[in-house]
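Trainee: Could you look at this predicted model? Sequence included:
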Amino acid sequence: MEYSDMIIFAMEIVGTIAFAVSGAMIAIQRRMDLFGVNVLGVTTATGGGLIRDLILGMNPPAMFRNSKYALTAVVTSTVVFFFVYLKERQQRRMREQWRKEGGSPDPSSVRSWIPQIFRKWYHAHEMYERLLFLGDTIGLGIFTVMGSYTAVKAGFGENRFLLVFVGVMTGVGGGLMRDVMAGNMPYILMKHVYAVASLGGALVYTLLRPYIGNLPCMMTGAAAVMTIRFLAAHYRWNLPRV
């Protein structure tokens, strides 16, 4: 395996882990059990690639030809589930202890067992939102450019519209399937210019590909997606709505 292929493979694994985290967090918020958390994690991590391969006529899709992506998503989802499960059980024990002692919770005592660097992540709602946002942002950036790159490898490098379309569908497809299965309004339609960020990254990759190497092009496109997402979240950018 060449150096560039190793980097691309590492990007795929990082994207798979990131999307599996976001899928698992949505499942936990919806009070699903361990099996449901794994199903939603795998769906989020591999759903975009499944749609991509079907569009490009690559059958069977890569997720069935190579199990490493699904297995990575399963391991990641399970780790997230037990991390949150143990954290919630610790909180329940603290609340029971406070009730027995007849006192009120002391925020300083609650946080005393948490390392300083993680304290701002402690509150459950903030933790869920941060993990969901980070997982979605990283996964979106990586899978957007991976989708366009796969279309190039499949021989469609001259069809720029297809490269952009496949890139966006690869980026947002898993999250769309996740939200539908969880019974939520699809995230791509309402928050932080999600699909627009993917579209921007796919355009960057497609327009730069004739002029710079493939790997730098992919890095630039993924960075563009993440930058748009972070800026949109920080400045509360959203498209106009009625």
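Mentor: That came in fine, so what should we check first?
Trainee: residues in contact with the closest residue to residue 212 other than its chain neighbours?
Mentor: Sequence neighbours aside, residue 220 is the residue nearest to residue 212 in space, at 7.8 Å (criterion: C-beta to C-beta, 6 or more residues apart in numbering). Quick note: C-beta positions are derived from backbone N, CA and C, even for glycine. Contact analysis of residue 220 by C-beta atoms under 8 Å, 6 or more residues apart in numbering lists 204-205, 208, 212.
Trainee: same thing but at 10 Å, please
Mentor: 145, 201, 204-205, 208, 212 (C-beta atoms under 10 Å, 6 or more residues apart in numbering).
Trainee: Please apply the same query to residue 62.
Mentor: Listed by C-beta under 10 Å, 6+ apart, the contact set of residue 62 reads 12, 46, 49-50, 52-53, 68-69, 150.
Trainee: So which elements touch the helix or strand containing residue 87?
Mentor: In the assignment (DSSP states H and E), residue 87 maps to helix 68-101. Contact partners of helix 68-101 among helices and strands, from 3 or more C-beta pairs under 10 Å, 6 or more residues apart in numbering; DSSP states H and E: helix 3-29, helix 34-56, helix 62-65, helix 107-111, helix 124-151.
Trainee: Check the ones you listed for me: which has the lowest mean pLDDT.
Mentor: Across those, helix 107-111 has the smallest mean pLDDT, namely a mean of 50.
Trainee: Could you give me the buried positions within stretch 187-206?
Mentor: 187-188, 192-206 (16 or more other C-beta atoms under 10 Å).
Trainee: gap between it and the chain center?
Mentor: 13 Å (C-alpha atoms, centre = their mean, to the nearest Å).
Trainee: With stretch 196-215 instead?
Mentor: For stretch 196-215, the distance to the chain centre is 20 Å (C-alpha atoms, centre = their mean).
Trainee: Alpha carbons of that stretch, in PDB - could you do that?
Mentor: Taking C-alpha atoms only, stretch 196-215 is exported to PDB below (Å, rounded to 0.1, in the frame of the first residue of the first chain):
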ATOM      1  CA  VAL A 196     -24.400  23.500   2.100                       C
ATOM      2  CA  ALA A 197     -21.100  22.800   3.900                       C
ATOM      3  CA  SER A 198     -20.800  19.400   2.100                       C
ATOM      4  CA  LEU A 199     -21.700  21.100  -1.200                       C
ATOM      5  CA  GLY A 200     -18.900  23.600  -0.600                       C
ATOM      6  CA  GLY A 201     -16.300  20.900   0.100                       C
ATOM      7  CA  ALA A 202     -17.300  18.900  -2.900                       C
ATOM      8  CA  LEU A 203     -17.000  22.000  -5.100                       C
ATOM      9  CA  VAL A 204     -13.600  22.700  -3.700                       C
ATOM     10  CA  TYR A 205     -12.400  19.200  -4.400                       C
ATOM     11  CA  THR A 206     -13.900  19.100  -7.900                       C
ATOM     12  CA  LEU A 207     -12.500  22.500  -9.000                       C
ATOM     13  CA  LEU A 208      -9.000  22.000  -7.600                       C
ATOM     14  CA  ARG A 209      -8.500  18.400  -8.800                       C
ATOM     15  CA  PRO A 210      -7.100  19.400 -12.200                       C
ATOM     16  CA  TYR A 211      -4.500  21.700 -10.700                       C
ATOM     17  CA  ILE A 212      -3.100  20.000  -7.600                       C
ATOM     18  CA  GLY A 213      -2.500  16.400  -6.400                       C
ATOM     19  CA  ASN A 214      -5.400  14.200  -5.400                       C
ATOM     20  CA  LEU A 215      -4.500  14.000  -1.700                       C
END
